[in-house]
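Undergrad: Predicted model follows, preceded by the sequence.
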Amino acid sequence: MISGGLERDRPALIRKYADFAKQIGAKDQCGALRRFNEDYRAMFLFRGREAHSRSFAKAVTWRITGTVDTFVISAIVTGKFTMAGLIAATEVLTKIVLFYFHERIWTVIPWGHISER
């Protein structure tokens, strides 16, 4: 079963595939199916198997963990809590954004997914 909005879009996507196959002709049905599958998988980047809120919550909790780690290491290396705080504050926001997109990209990659039955 495909999650949420994609399940509702499935009939439209199947019609798109049928139209695409007609345009190409019977000789290249496999090519049409491959292109259809690529389009369909691309939609999972931002409408994947996880809700955006879940990906965002995971990014925030992971970032809190990482920021504490960065602060502690920076404080040990520099010996200054102020400098450690500046380093930790700078990296926290950029890494939340990077992790969010990292998670969304991984939802597109089929490797390691357990098939749903």
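TA: All right, it came through fine.
Undergrad: burial count for A88?
TA: A88: 19 surrounding residues under other CB atoms under 10 Å. Backbone N, C-alpha and C define where each C-beta goes, glycine included.
Undergrad: cool, and the one 10 residues further on?
TA: L98 is surrounded by 13 other residues when neighbours are defined as other CB under 10 Å.
Undergrad: helix, strand or coil for it?
TA: Secondary structure assignment for L98 (DSSP: H, G, I helix; E, B strand; the rest coil): helix.
Undergrad: now it: how far from I105?
TA: According to CB to CB, to the nearest Å, L98 stands 11 Å off from I105.
Undergrad: which stretches of the protein have low pLDDT?
TA: Low-confidence segments of the chain, defined by pLDDT under 70, span residues 1-14, 17-18, 20-48, 115-117.
Undergrad: Give me the helices and strands touching the strand or helix carrying K58, please.
TA: Using DSSP states H and E, K58 sits within helix 52-78. Helix 52-78 makes packing contacts with helix 81-108 when contacts are defined by 3 or more CB pairs under 8 Å, 6 or more residues apart in numbering; DSSP states H and E.
Undergrad: buried residues in the helix it packs on?
TA: Buried residues in helix 81-108, defined by neighbour count with 16 or more other CB atoms under 10 Å: 84, 87-88, 91-92, 95-96, 99-100, 103-104, 107.
Undergrad: can you list the domain ranges for this structure.
TA: 1-48, 50-117 (automatic domain parsing).
Undergrad: For K80, see how far away V92 is.
TA: Applying CB to CB to V92 and K80 gives a distance of 18 Å.
Undergrad: Kindly report the same for E103.
TA: 33 Å.
Undergrad: ok, now S53?
TA: Relative to K80, and taking CB to CB, S53 is found at 37 Å.
Undergrad: repeat for W111
TA: W111 is 43 Å from K80, by CB to CB.
Undergrad: neighbour count winner among these two?
TA: K80 (12 against 5).
Undergrad: Return the residues in contact with A84.
TA: 70-72, 74-75, 78 (CB atoms under 8 Å, 6 or more residues apart in numbering).
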